[in-house]
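A.B. asks: sequence-free structure coming up:
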């Protein structure tokens with residue numbers, strides 16, 4: 001059972017996130033709660049409104065830290081700078097970007113931080129919705145519209161709704177996990193929302209190999225999709241020795257979080273941001 005303090009923390013996060021949604025009803029769809037329940041939470045009521053399981057689900061959705069440990073300060077790393085600028089450009093100009101880079105450098109974290117501060121921007125973890133049906137329904141749900149009806153209705157509603165929004169953006173993370181039909185559906189959705197929506201696709205090097213390999217095999221749709229996403233694979237880390245880049249990232253994050261012994265921290269983590277988070281929290285006595 002979660003404590004009252006944690007419930008209040010989740011309630012505050014819900015109130016803070018409200019401005020990112022065009023209406024409370026759409027926010028309720030995204031959080032999968034009844035509009036009346038959401039209204040009570042926005043009004044400051046928390047006890048007895050939702051089950052603990054549902055509150056935990058909302059906390060995960062809004063990136064609320066449930067434990068009492070200290071949170072890390074977001075640092076202005078090269079990865080954070082690059083992704084934030086790319087997402088802003090795609091959203092403002094209804095254009096597309098494609099980023100393929102090594103894992104564990106902060107791509108996902110940067111994208112999630114972006115959507116928390118920008119309206120009409122949605123984040124999709126493609127590893128959780130690999131098929132075209134699950135992908136399109138997930139995008140519709142993140143925009144707060146019908147996602148449970150007949151597929152062709154969900155798709156049509158999604159296209160219509162995207163075209164009514166000012167500067168919508170869809171971020172597709174872990175895109176290398178999508179199956180073939182999902183890639184074709186992205187192409188179709190791009191066609192249907194051309195000049196009305198920004199798109200940003202991210203993944204590790206496997207995404208690049210998947211697209212290049214299928215283009216080489218002349219598999220239908222991949223060359224067209226690659227062209228729509230700018231005909232180039234963007235990368236942040238250097239192609240050669242990546243140690244200096246990793247050291248720079250660790251140093252920036254460490255100093256933003258009040259830690260000066262960067263060499264020791266890098267030796268323990270070797271640049272892995274997942275391990276870095278744990279080590280910083282441990283240093284602060286909060287892990």
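C.D. replies: Now that the structure is in, tell me what you want to look at. Just so we're clear, the structure is a prediction, and the values are computed from it rather than from any experiment.
A.B. asks: CA atoms for contacts and neighbours, from now on please.
C.D. replies: Will do.
A.B. asks: Dihedrals phi and psi, residue 80?
C.D. replies: Dihedral pair for residue 80: phi -60, psi -40, per degrees, to the nearest 10.
A.B. asks: OK, contacts around it?
C.D. replies: When contacts are counted by CA atoms under 8 Å, 6 or more residues apart in numbering, residue 80 is found next to 106, 107, 110.
A.B. asks: okay, the last one: pLDDT?
C.D. replies: Here the pLDDT value assigned to residue 110 is 96.
A.B. asks: OK, contacts around it?
C.D. replies: Contacts for residue 110 (CA under 8 Å, 6+ apart) come out as 79, 80, 83, 84.
A.B. asks: any weak-confidence spans in the stretch 1-150 of the chain?
C.D. replies: 67-70 (pLDDT under 70).
A.B. asks: Now with 80, please.
C.D. replies: Residue ranges of the stretch 1-150 of the chain with pLDDT under 80: 1-2, 65-71.
A.B. asks: Could you pull out the strands in it for me?
C.D. replies: Along the stretch 1-150 of the chain, the stretches classed as strands by DSSP state E, counting those that start in this stretch are 96-100, 121-125.
A.B. asks: Could I get the contacts of residue 80 in TSV, plus columns for distance to residue 7?
C.D. replies: As requested, the contacts of residue 80 are arranged in TSV below (distance: CA to CA, whole Å):
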residue	distance to residue 7
106	28
107	29
110	26
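A.B. asks: Could you list the domains of this structure?
C.D. replies: Following automatic domain parsing, one finds the domains of the chain at 4-61, 78-228, 245-283.
A.B. asks: Tell me which of those domains is the most buried.
C.D. replies: Per-stretch averages of neighbours, counted by mean count of other CA atoms under 10 Å, single out domain 78-228 among the domains of the chain, with a mean of 19.
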